[in-house]
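K.L.:
okay, here's the prediction I keep looking at, along with the sequence it came from:
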Amino acid sequence: MKKILQCITLSEAGGAQQVVKHLCEGLYKENKIILATSPNGELVKSMRNLGIKVYPLCNMKRNISPVDDFKTFIQLIHIIRYEKPDIVHCHSWKAGVLGRIAAFFCGVEKIYFTVHGWSIFSKPNKILRAMFICIEKILGLITTKLIFVCDKDRQLGISLNIAPKEKLCTIYNGINDIKKIKSKRIREIYKIPEDAIILCSVARMALQKRCFETVSIMAEIMKKRKDIYFIFVGDGPLFKQVKNTIEQYGIEQRFILTGSQNNVPDYLYSTDIFLLLSNYEGLPISLLEAMCMGIPLVASNVGGVCELIEESSNGFLVSNDEKEIIYKLNILIEDDKKREEFGKRGRAIFEYKFKLENMLKKHQELYK
């Protein structure tokens, strides 16, 4: 039995957190799992309910903060020295930097880092981008394996010489088959007519997810179609600003903000089209959930999204041009047969490549 320390920056709801949750839940019977992350989030609550030991990193923050980062680094060293894990597996960039250095400092034999999307390379500042690449190359020297959730990011890592090619591997995200979950009637709860078409996004309300562009696009579509409703499932730092923007457009009756929810399948059950706009991605869990439920997709062509969407087969890949997005959405809005065909194809792709057991099996092989 291996003792594994999973380390991630934030414990709030998100795709990377869901992957960590699945790893902990799926592998804790074969391994002794420990989690280190920021306190009070959904991930912490669910792991404690499972009986997994959680170390709250009270000074861990997403943004760079020299004092808080140093305190977190010292805390990680204390945790690793006390627990003596066989493996330290880090997720997200801040935890990936501090966790890997602390593990190396403590002499941990196996140090893994999962790249859930190259967010650091989306920086417009060339000097800052070059600095981040340099940091990753240095950390690549002490990392046993760099795990990528999509092959596009792995290829980027190879092209940038982040680490020797043999250290880089791809393990696709996987999820449980949520289609079998009995769902509540969301249309009844929000008083949405049965013949209305519902579009949905599930995402953290942050700049990465292009929330304001989503509101602008839906406002334009809603001008011409009174049977269109939009549900945005998620919370985040931009929630209030997004709410105000919706009110300014006068579409608050048909653009529904749910805040954070732990019953995403309920919303997907009533969804006709799934939309995800992003500046960068790894392999979005929200798209996997929509595919699992047989929903056609429209999503920004970033990161590993192109490994989920087969163009004009189960959805549309779009640039972040609003006119293009509106055009592609209207194709699906106006053609219910195409929506059904795209949904069936997406479900088939999910069953073939993205089931949870595949992800867990490959991680267990890696840990052994």
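P.N.:
Sure thing, it's come through.
K.L.:
please count neighbours and contacts with C-alpha atoms only from this point.
P.N.:
Will do.
K.L.:
now Val215: closest residue in space that isn't a chain neighbour?
P.N.:
Distance criterion CA to CA, 6 or more residues apart in numbering; nearest residue to Val215, sequence neighbours excluded, is Ile246 at 6.5 Å.
K.L.:
I meant Met359, not that one.
P.N.:
Going by CA to CA, 6+ apart, Met359 has Gly174 as its nearest residue, at 5.5 Å.
K.L.:
quick one: neighbours of that neighbour, just the number.
P.N.:
Neighbouring residues of Gly174 were enumerated by other CA atoms under 10 Å; the total is 23.
K.L.:
on that earlier part again, show residues contacting the helix or strand hosting the residue nearest to Val215.
P.N.:
In the assignment (DSSP states H and E), Ile246 maps to helix 239-249. Taking CA atoms under 8 Å, 6 or more residues apart in numbering as the criterion, the residues outside helix 239-249 that touch it are 205, 211-212, 215, 219, 252, 255, 257, 259.
K.L.:
how about the next helix or strand after that helix as CSV, C-alpha atoms only?
P.N.:
Scanning the chain past helix 239-249 towards its C-terminal end, the next helix or strand to appear is strand 255-259 (assignment: DSSP H and E). Extracted as CSV, the C-alpha positions of strand 255-259 are listed here (Å, rounded to 0.1, in the frame of the first residue of the first chain):
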residue,chain,number,x,y,z
PHE,A,255,-30.9,34.2,-17.8
ILE,A,256,-30.7,32.2,-14.6
LEU,A,257,-27.8,32.3,-12.2
THR,A,258,-27.8,29.3,-9.8
GLY,A,259,-24.6,29.9,-7.8
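K.L.:
let me know the angle separating strand 255-259 from helix 239-249.
P.N.:
Put simply, strand 255-259 runs at 170 degrees to helix 239-249, going by axes from the mean of the first three to the mean of the last three CA atoms, to 10 degrees.
K.L.:
oh, and call the first residue 7 from now on, that's how I've got it
P.N.:
Shifting the count to begin at 7 puts that one at strand 261-265.
K.L.:
for strand 261-265, what is the distance to the chain centroid?
P.N.:
For strand 261-265, the distance between its averaged C-alpha position and the chain's averaged C-alpha position is 19 Å (CA atoms, centre = their mean, to the nearest Å).
K.L.:
that older thread, buried ones only from the contacts of helix 245-255, please, as a PyMOL command.
P.N.:
If you want just the buried ones from these in PyMOL, going by 16 or more other CA atoms under 10 Å, the selection is:
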select buried, resi 211+217+218+221+225+258+261+263
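K.L.:
using the three-state scheme, assign Val94.
P.N.:
Assigned state for Val94: strand (three-state reduction, DSSP: H, G, I helix; E, B strand; the rest coil).
K.L.:
surely it and Leu11 touch.
P.N.:
Yes: using CA atoms under 8 Å, Val94 makes contact with Leu11 at a distance of 4.8 Å.
K.L.:
residues contacting the closest residue to Phe154 other than its chain neighbours?
P.N.:
Nearest non-adjacent residue to Phe154, counting by CA to CA, 6+ apart: Thr176, 4.6 Å away. For Thr176, the residues meeting the contact criterion (CA under 8 Å, 6+ apart) are 153-157, 160.
K.L.:
pLDDT weak spots in the stretch 107-256 of the chain?
P.N.:
Applying pLDDT under 70 to the stretch 107-256 of the chain flags residues 125-130, 186-190.
K.L.:
how about the nearest residue to Lys77, chain neighbours excluded?
P.N.:
What sits nearest to Lys77 in space, not counting adjacent residues and going by CA to CA, 6+ apart, is Asn65, at 6.6 Å.
K.L.:
tell me which residues touch that neighbour, please.
P.N.:
For Asn65, counting by CA under 8 Å, 6+ apart, the contacting residues are 44, 74-75, 77-78.
K.L.:
domains in this protein, by residue range?
P.N.:
8-176, 184-359 (automatic domain parsing).
K.L.:
between those domains, which one is closest to Leu372.
P.N.:
With CA to CA as the measure, domain 8-176 is the member of the domains of the chain nearest Leu372 (9.0 Å).
K.L.:
measure that closest one end to end?
P.N.:
With CA to CA, to the nearest Å as the measure, the ends of domain 8-176 fall 22 Å from one another.
K.L.:
repeat for stretch 15-22
P.N.:
With CA to CA as the measure, the first residue of stretch 15-22 is 10 Å from its last.
K.L.:
would you mind listing the buried residues in that stretch?
P.N.:
Residues of stretch 15-22 classed as buried under the neighbour-count rule (16+ other CA under 10 Å) are 15-22.
K.L.:
quick check: of the residues you listed, which lies closest to Ile70?
P.N.:
Minimum distance to Ile70 across these is 11.6 Å, recorded for Thr15 (CA to CA).
K.L.:
now that closest one: how far from Val26?
P.N.:
11 Å.
K.L.:
the chain: helices as residue ranges?
P.N.:
Counting by DSSP state H, one finds helices in the chain at the ranges 21-33, 48-56, 72-89, 99-111, 132-148, 157-165, 192-195, 217-230, 245-255, 270-275, 291-298, 328-339, 342-359, 362-373.
K.L.:
distance check, Arg68 against Thr15.
P.N.:
Taking CA to CA as the measure, Arg68 and Thr15 are separated by 7 Å.
K.L.:
quick one, what contacts Met53?
P.N.:
27, 30-31, 59-60.
K.L.:
got a winner among those for most neighbours?
P.N.:
Ranking the contacts of Met53 using other CA under 10 Å puts Cys30 first, with 23 neighbours.
K.L.:
once you drop chain neighbours, what's closest to that one?
P.N.:
Ile39 (6.5 Å).
K.L.:
re earlier: who touches both of Arg68 and Thr15?
P.N.:
Taking CA under 8 Å, 6+ apart as the criterion, Arg68 and Thr15 both touch Lys100.
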